[in-house]
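# heads up, no residue letters with this:
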């Protein structure tokens, strides 16, 4: 009888320990989820950012081409019309471009027709690093997730006719197509606007969770 009691007590102790462990895991995951939600809410409600010289930039979340993703755009930037875009860019022309008054700072959104799954973004990110490394200077790269979408990010300096261009670019899969969003400006504006460029491209959020 005593052996049976010991067995029962042992089982009960084991159950209690298991409950404590499970409760701890649930608490950790719940706490993590709460912090992630808090970070996301903070990202959504913060619309002001300052350049290095403390110039205040006000932004608004903008729906991109009626799609289910949004990004912060400075309120004093203008959206270029299709004719201006086709004159300003060649090759793989972006569908949507926002520019400052002097046309020295641009935000480009290119929804390509290239097939690209969410799982392909990592290999695309690695391939882009190799390609850009041949004729550009890579400043920074990252690979992360936003709303269940894999995101590749590359910051680099590319060559232009009489200057260098600072590019802060992210890319992801949307409806199984490659989408690129890029902030760019001339190199002389890089130091002043780099923090703002991160604020803008990192503001991406998507409402579809495919």
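In hand now; what should we look at? Every value quoted in this text rests on a predicted model; they were computed, and no experiment measured them.

# need the strands for the protein, in chain order.
48-50, 56-63, 69-74, 78-79, 96-99, 105-115, 137-146, 149-159, 164-174, 177-186, 205-206 (DSSP state E).

# what are the buried residues along stretch 129-141?
132, 136, 141 (16 or more other CB atoms under 10 Å). All C-beta atoms are positioned from the backbone trio N, CA, C, and that covers glycine.

# kindly report the same for stretch 107-127.
107, 108, 109, 110, 111, 116, 118, 120, 121, 124, 125.

# still on that earlier bit, make JSON lines from the strands of the chain and add mean pLDDT and distance to residue 194 to it.
JSON lines is the format used below for the strands of the chain (pLDDT from 0 to 100; distance: least, CB to CB, whole Å):
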{"stretch": "strand 48-50", "mean pLDDT": "95", "distance to residue 194": "11"}
{"stretch": "strand 56-63", "mean pLDDT": "94", "distance to residue 194": "13"}
{"stretch": "strand 69-74", "mean pLDDT": "94", "distance to residue 194": "15"}
{"stretch": "strand 78-79", "mean pLDDT": "96", "distance to residue 194": "22"}
{"stretch": "strand 96-99", "mean pLDDT": "96", "distance to residue 194": "18"}
{"stretch": "strand 105-115", "mean pLDDT": "95", "distance to residue 194": "12"}
{"stretch": "strand 137-146", "mean pLDDT": "95", "distance to residue 194": "9"}
{"stretch": "strand 149-159", "mean pLDDT": "96", "distance to residue 194": "8"}
{"stretch": "strand 164-174", "mean pLDDT": "96", "distance to residue 194": "7"}
{"stretch": "strand 177-186", "mean pLDDT": "96", "distance to residue 194": "9"}
{"stretch": "strand 205-206", "mean pLDDT": "87", "distance to residue 194": "22"}
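
# please name the bridge partners of residue 168.
residue 155, residue 183 (DSSP bridges).

# just checking, it touches residue 183?
Yes: between residue 168 and residue 183 there is a contact at 4.4 Å, judged by CB atoms under 8 Å.

# which neighbours do these two have in common?
Common neighbours of residue 168 and residue 183 (criterion: CB atoms under 8 Å, 6 or more residues apart in numbering): 197, 200, 201.

# next, the buried residues of stretch 194-208.
Going by neighbour count (16+ other CB under 10 Å), the buried part of stretch 194-208 is 194, 196, 197, 198, 199, 200, 201, 202, 203, 204, 205, 206.

# list of residues touching it?
40, 43-44, 49-52, 57, 59, 61, 68-74, 107, 146-147, 149, 151, 153, 155, 166, 168-170, 172, 174, 181-183, 185.

# so how far is residue 133 from residue 77?
From residue 77 over to residue 133 the distance is 30 Å, taken as CB to CB, to the nearest Å.

# again but with residue 86, I slipped
Where residue 133 is concerned, residue 86 sits at a distance of 30 Å (CB to CB).

# residues contacting the residue nearest to residue 47 when sequence neighbours are not counted?
Residue nearest to residue 47 in three dimensions, not counting chain neighbours: residue 59, with 5.1 Å by CB to CB, 6 or more residues apart in numbering. For residue 59, the contacting residues are 47, 48, 49, 72, 73, 74, 75, 199, 200, 203, by CB under 8 Å, 6+ apart.
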